[in-house]
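Novice: Just need the structure, nothing else, for what follows:
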Amino acid sequence: LTSERVSTAIETTLLEHGCALDETIVAGGTQAADPHDRGSGPLRANEPIIVDIFPRSKETKYNGDMTRTFCVGEPSDTAREWYDLTERAFEAALDAISPGATGEDVHDAACEVYEAAGEPTFRTDPETETGFIHSTGHGIGLDVHESPGLSSGGEELEPGHVVTVEPGLYDPAVGGIRIEDLIVVTEDGYENLTDYPIEFVVG
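Specialist: All right, here's what the predicted structure looks like:
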């Protein structure tokens, strides 16, 4: 099984459901340690595989965005620990979303989970090349990346804002772990628009 074959299957399915897709990320092993690597070549058992899908509806022109990390077989103890941490960071970020909170508040909530576990983040080390090395999320709509940002300096959240929440950890020695859902800010909190299970070990 290769990244290319999985990407083709994803893109074909989305086309059948009225979506356009410029690219998909299916990255395993050390490739998954780079959040922007699209992935190529064989996908191996016992390694984390990041699958990031961001289709655009041909009818409405609006974009979606979802990431899951899978492992077929037995992940390493570190990868399993990272997945559990990332689930906790994901939930902490969701808990921080409400009207009047800022994107920075949401980002801080995710960072605090990682930092408490001793993992580096851009907040503690702006030069780090491992750990949590991107923002917690971004606005999404007619463009894949819009305001508001869930990051340092992120602006106030308002009802109707649609954002991604996507914490993750990265290191070539381990690979990468990322979980991402699409969230709308409501009058009293948030609604999760993503209906897909969060499950690490499959097969």
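Novice: if I pick the residue lying closest to residue 96 once chain neighbours are set aside, what's in contact with it?
Specialist: Leaving aside its sequence neighbours, residue 96 sits nearest to residue 109 (Cβ to Cβ, 6 or more residues apart in numbering; 3.9 Å). Yep, even glycine has a C-beta here, placed from its N, CA and C like the rest. Residues in contact with residue 109 (Cβ atoms under 8 Å, 6 or more residues apart in numbering) are 89, 92-93, 95-96, 136.
Novice: separation between residue 109 and residue 33?
Specialist: 24 Å (Cβ to Cβ, to the nearest Å).
Novice: next one: phi and psi at the residue lying closest to residue 167 once chain neighbours are set aside?
Specialist: Once flanking residues are discounted, residue 167 sits nearest to residue 89: 4.0 Å by Cβ to Cβ, 6+ apart. Residue 89 adopts backbone torsions of phi -60, psi -40, taken as degrees, to the nearest 10.
Novice: same thing with the one 5 residues further on?
Specialist: Reported as degrees, to the nearest 10, the phi and psi values for residue 94 are phi -60, psi -40.
Novice: My read is that it contacts residue 194, right?
Specialist: No - counting by Cβ atoms under 8 Å, residue 94 does not reach residue 194; the two are 11.1 Å apart.
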